[in-house]
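>>> got a structure for you, letters missing:
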């Protein structure tokens, strides 16, 4: 959700690069891609003349929606597409223009744009993950052989080397990176079902139109709509919850190491205290724990949002809208914080 | 948290009047009140000359913090107060200026400003609640005698009157309104503990300084700090969860009544569909369910945030920061949506 | 819910004394009290002859329900009362017996029995809380003056005394104890609404019957039923979540103190390791954290369960049934674990 | 967790076949398999004489642990393995017996036994899922062509056929079934790390011992321990949350269809009401919603449990213990309830 929060936290919990993917600009551009591809697909199916299709696509390309009018209409309609389409209809003209949006429904545009946003976001997160893995390798190369005390159940156990702990941090991150291709495959699906999920308005052209649409949008057509089956969306939420969780575990460890003292870790750029200038608080490590627990809290709502009513649930679907972008930003912020934390580690373990 | 979300949802889930209470402007103004009151209190305790105190308070009154510099510093420090105080120290001068912020710690300012924000927010929410109760009375006066089918466990049970259902909607709202004075009493507490919660820097003046500070800020001094005991904050979260929950139940009912048809309810201004112009979707009713489930999800995180480490936990405290403002806005949005929904009810029950 | 779990955890997370309050024996005894009191109330209202009422009450007193038959019927009916009443009807006879259960519905019996169980449970929890407060006083008397390092944001801050930390542990527990009378007042309510919450079957005797029933059951009659307004139940869930949360914070602290070493705390009876016999794991302290996070997770479900559909929701109500007894047992186990932990503290702080 | 709950709910929310997998009998048998396989593996590595290994394995095979003594020891140790191993050591004798449990730690036994339990449970759930899919096919064959009103956002939309809704129910279940092989692959991992996760006690035999152990237990050896990386466990929790969520959506739909009336659905064996004999409540459909929301609540705790401290966290691990068996039983109960519900559908849609 789009909300204020404490003003000063603007750089703690958010992620501008991720947030941009859910902006009106980005989402409405994806709506336009969908509507253009649909015109082409209808033309391929023989429902629109090729020349008319070209003209319509050109008109759509020149369309600039009025986001303010849409935001207002959303309060009445519950979603942005009716007013978006109304504006777009007013913008296009000529033969074939009555077939704009033909066969599609609001959810087709929004869900498709959302999986496209998730594809882009998971690519960003994946890049940052690669970066983190490289940073961990550098830490291992520099400090890996330093002796360190292993801790189990909040008690010193036996000595091992810094490399051992770094490897335990690295492995779940590597697992998560390796899950990315399957995740993208699972979620790279065109949403296309029309009013009640059956593409009934397209008659026997439904399959060919859907296939063409998917191909143009670089998505997979699963053979049916998935209006009330949210797996492609929740799979990302789970993966992001796992990722911020793995980073939260690292943050927890660094905070505990900072508590144990410099034989475990030395951090530069640690946080200042207004009352105790001598302290160096592991604030970024703490923040990783916060972000992990926040996503762990939110993921529950994504599971509740699976309980759609009938062919389309506004209540469950809007719950996704409130949560998903936040989980994305939280995970993005978590990766950025982990990077900053790793870069601030002056030394792990005792100098050997 | 401050986040983007889907651009088009800007008027669905948020609440500008509530959000403002957590803005830098509002919070920093409360910080200034605290620092001014502390100077006065130190003067009363004989630690600052009265004339110096007057001068310092005047200087603080003219202070304009640089929020951008603070937002940047927060990434390093984990909280805004160290840089706020650094800027303020640079702004004041003269005898007594070294006692600025004396005895206080960051958490004292932030928690105190937060309970002040919550007092203001609960007043706003209380006013809206009164308004809703009046709207329910109007509905009862107009439609109360209309016959309606009672529904239990998703089955028509027996006939009763519209007034019976309206009364069931009203009662929890009334209970919540009646809980407000106790809630404000419970949370109207000065936070004041200094570095480690014991006000040790103030020696035997701690009680008198605390009492003076509380009195000036129109808060109660409980006799001790509550850095790691979050009852005053979580009590509001629970109350707001209960409130949006009670409104979510009403939303659920209206959506079900809309499903059952016009013998149960007639709504004006219901939502348009991009594919089915004949439909009138109860989108505001659905939104009440969404907002309720969102708060029900978040409240869990507020309970996790009770598990502070030692004298002050950054991880648990920041989790509050991510959640509390959102629960406030969600509850505000829920009350606004309920008002819009009640106003859109053209008729409940069958015309008698 | 009644479930298996890992067999070996039977004494870690559960609480026999609490569990007993939700047993068939305890709940069916409360059903019988309700039905007896209702007979008396109907007699007072002139609907049953006094002598018939005496006979019926005697018959009910001798009734032994068949729990196995009820458990089977619950799968079909979704609740135990229809079969319980069927059995009871078969057991009673003579004039007035047709008025058994007259005016009441299943939810009246179950909710009333539940608030009675909660009254008993909160008394048990309150007694244990008193006991904990006394143990904390003993610890303070013994170790209060021992020097201890205060820790803020996972960093040693300044020295203070053990008493200071003990006081921070004690205060939220004291607050929770002081909230008990208000909690009991808030939840000590008769549930009585009949089929659709309006007591319509009782006509103009509804008020007098309800008042008599409440008086006999030592409950308050709020003037209406609260079938879909769950405040009396959720108030307990919140209070218990706050209590296990306060104890979880103590557990977290003790685990961190054990990590820091014997200058902070010495525990006897700490946990053995199968691989490292030299370790003394603070397992009971860890368990307090676990129990707190478990309740923090569950409390979310209690908030979702506020979203009842219409006059009675099976889905939301059953969610309460799954969660409430567990929150009670978890809180009970948490108090028992805290007691064991306090008793195992050989010393806090450094010997002075 | 093992808890009482309302006695009468014993057949609503639990699942005996699933529960059995977490019983002491089942888990201790898996511990014995582990210890036997470890003896063999140590023999293969040349650390125990083959004949001694045979004798030891025979002795272990005849071992019957005392579960009561273990349950008592768990309170002290925080886990069952130390006392289990103590009992087992007292049971075995002769050359090589000092190498019993050599190189292993408690978590190795418990986590390995848990993934073995999950393998068995997912097989049971998978079989039930196949059964459900067949039932859906039967419903489609019988009622698929019956006309039905599609409902979007709680409003009648357009007519379609019963087959369309059944297909929407079926697809996510099919997806979940198809995910099972990958899920089993992801979680079929030997846990083996010894005291601090590095198998340091086994020196350069660690790889060969681990590979032999895995092979004997029919698990995969990932090349390292995963004490603090919980993906193999949480992956099951997520899958089960998705499954009960998909069934909860079906339950929600059936409850709404029952509300709309016999033109949508006719159910036999619906629930009786104690106050309104004419009603036929869709109690099993409601229960599916309850079970889904319960798992959606619990899954949050599994995400919090990912935040392990250092090499092994008692607090986070025990949170898994409280939640995982319940999610398994809830999912099992959900599949059983769905089967009962499907079998009780006399007709969907209007007779054509």
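That came through, no problem. All of these numbers come straight from a predicted model, not from anything done at the bench.
>>> what's the offset of the longest helix along chain A from the middle of its chain?
The single longest helix within chain A, with elements called by DSSP state H, is helix A:106-143. Here helix A:106-143 is found 8 Å from its chain centre; the criterion is Cα atoms, centre = their mean, to the nearest Å.
>>> Contacts (any at all) between chain D and that helix?
No. Between helix A:106-143 and chain D, judged by Cβ under 8 Å from any Cβ of the partner chain, nothing touches; the nearest distance is 8.6 Å. For every residue, glycine as well, the C-beta is placed using N, CA and C.
>>> which secondary structure elements does that helix contact?
helix A:16-19, helix A:24-44, helix A:81-91, helix A:162-187, helix A:231-260, helix A:314-343, strand A:345-348 (3 or more Cβ pairs under 8 Å, 6 or more residues apart in numbering or on different chains; DSSP states H and E).
>>> Mean pLDDT, mean neighbour count and distance to chain B for those - can I get that in JSON lines?
As requested, these are exported to JSON lines (pLDDT from 0 to 100; neighbours: other Cβ atoms under 10 Å in any protein chain shown; distance: least, Cβ to the nearest Cβ, whole Å):
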{"stretch": "helix A:16-19", "mean pLDDT": "96", "mean neighbour count": "18", "distance to chain B": "3"}
{"stretch": "helix A:24-44", "mean pLDDT": "98", "mean neighbour count": "22", "distance to chain B": "3"}
{"stretch": "helix A:81-91", "mean pLDDT": "97", "mean neighbour count": "20", "distance to chain B": "4"}
{"stretch": "helix A:162-187", "mean pLDDT": "98", "mean neighbour count": "18", "distance to chain B": "17"}
{"stretch": "helix A:231-260", "mean pLDDT": "98", "mean neighbour count": "26", "distance to chain B": "7"}
{"stretch": "helix A:314-343", "mean pLDDT": "98", "mean neighbour count": "25", "distance to chain B": "4"}
{"stretch": "strand A:345-348", "mean pLDDT": "97", "mean neighbour count": "18", "distance to chain B": "15"}
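>>> which one of those lies closest to residue C:100?
Nearest to residue C:100 among those is helix A:314-343; the distance by Cβ to Cβ comes to 41.0 Å.
>>> what angle do the closest one and helix A:162-187 make?
In terms of direction (axes from the mean of the first three to the mean of the last three Cα atoms, to 10 degrees), helix A:314-343 departs from helix A:162-187 by 150 degrees.
>>> re the thing from before, ok, and for the longest helix of chain A, which residues are buried?
Neighbour-count burial for helix A:106-143 flags A:106-122, A:124-126, A:128-129, A:132, A:135-136, A:139-140, A:143 (criterion: 16 or more other Cβ atoms under 10 Å in any protein chain shown).
>>> cool, stretch A:66-78 as well?
A:67, A:70-71, A:73-78.
>>> Find out how far it is from the centre of the chain, if you would.
For stretch A:66-78, the distance to the chain centre is 24 Å (Cα atoms, centre = their mean).
>>> cool, and stretch A:138-154?
With Cα atoms, centre = their mean as the basis, stretch A:138-154 stands 32 Å off its chain's centre.
>>> Could I get the pLDDT score of residue A:352?
Here, the pLDDT recorded for residue A:352 equals 70.
>>> Check residue A:269 too.
The model reports residue A:269 with a pLDDT of 68.
>>> ok, now residue A:46?
pLDDT for residue A:46: 97.
>>> Equivalent analysis for residue A:10, please.
87.
>>> picking up where we left off before, the inter-axis angle of the longest helix of chain A versus helix A:314-343?
Using the same axes, to 10 degrees: helix A:106-143 against helix A:314-343 is 20 degrees.
>>> Point out the other helices and strands that the very next helix or strand once past helix A:106-143 packs with.
For helix A:106-143, the following helix or strand on the C-terminal side (DSSP states H and E) is strand A:147-152. For strand A:147-152, the elements it packs on are strand A:155-161, helix A:162-187, judged by 3+ Cβ pairs under 8 Å, 6+ apart.
>>> Can you list the neighbours in contact with the next helix or strand after the last one?
In the C-terminal direction, the helix or strand that comes right after helix A:162-187 (DSSP H and E) is helix A:206-216. Contacts to helix A:206-216, defined as Cβ atoms under 8 Å, 6 or more residues apart in numbering or on different chains, come from residues A:34, A:37-38, A:40-42, A:44-45, A:103, A:190, A:192, A:199-200, A:202, A:220-221.
>>> go with 6 Å
A:37-38, A:41, A:44-45, A:190, A:192, A:199, A:202, A:221 (Cβ atoms under 6 Å, 6 or more residues apart in numbering or on different chains).
>>> related to what we said a few turns ago, okay, the helices and strands packed on strand A:147-152 in a markdown table with distance to chain C next?
Putting the helices and strands packed on strand A:147-152 into a markdown table (distance: least, Cβ to the nearest Cβ, whole Å) gives the following:
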| stretch | distance to chain C |
| --- | --- |
| strand A:155-161 | 5 |
| helix A:162-187 | 15 |
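>>> Mind checking those for the one nearest to chain D?
helix A:162-187 (4.2 Å; Cβ to the nearest Cβ).
>>> Determine the angle, from 0 to 180 degrees, between the closest one and strand A:147-152.
Orientation of helix A:162-187 against strand A:147-152 (the same axes, to 10 degrees) gives an angle of 60 degrees.
>>> care to break chain A down by domain?
Domain ranges of chain A: A:16-102, A:105-198+A:226-348, per automatic domain parsing.
>>> end-to-end on the first one?
The one in question is domain A:16-102. 35 Å (Cα to Cα, to the nearest Å).
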